[in-house]
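Novice: next one to model:
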Amino acid sequence: MPLALTGLALGALLGAFVAWRRKGKITDILQYAAGYGIFFALIGMIAAITIFRMAG
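Specialist: Numbering: from 1, shown residues only. All right, here's what the predicted structure looks like:
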């Protein structure tokens, strides 16, 4: 679970930064943050499941 939450936070920050660099409005920044956050949380969840299954 911590991997998914870390991925969510990092993805949201990265998405907001990307939208800000592209001179997006606040709605663009929020949408990018949500999209990147969901994607990175999904990757973190898959990584956590894989690690737990391999460990035990």
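Novice: so what touches stretch 41-56?
Specialist: M1, P2, L3, A4, L5, T6, G7, L8, G11 (Cβ atoms under 8 Å, 6 or more residues apart in numbering). Any C-beta I mention is one placed from the backbone N, CA and C, and that applies to glycine too.
Novice: by pLDDT, give me the weakest of these.
Specialist: Within the contacts of stretch 41-56, M1 has the lowest pLDDT, namely 80.
Novice: which one is that one nearest to, not counting chain neighbours?
Specialist: Distance criterion Cβ to Cβ, 6 or more residues apart in numbering; nearest residue to M1, sequence neighbours excluded, is A48 at 6.7 Å.
Novice: likewise G11?
Specialist: With Cβ to Cβ, 6+ apart as the criterion, G11 has its nearest non-adjacent residue at 2.8 Å, and that residue is F40.
Novice: follow-up on the earlier one: whichever of the contacts of stretch 41-56 end up buried, select them in PyMOL.
Specialist: Buried residues within the contacts of stretch 41-56, by 16 or more other Cβ atoms under 10 Å, are selected in PyMOL with:
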select buried, resi 3+4+7+8+11
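Novice: farthest-separated two in the contacts of stretch 41-56?
Specialist: Taking Cβ to Cβ, the two most distant members of the contacts of stretch 41-56 are M1 and G11; they sit 15.4 Å apart.
Novice: name the residues of the longest helix seen in the chain that come out as buried.
Specialist: For the chain, the helix with the greatest residue count under DSSP state H is helix 26-55. Going by neighbour count (16+ other Cβ under 10 Å), the buried part of helix 26-55 is D28, I29, Y32, A33, Y36, G37, F40, A41, G44, M45, A48.
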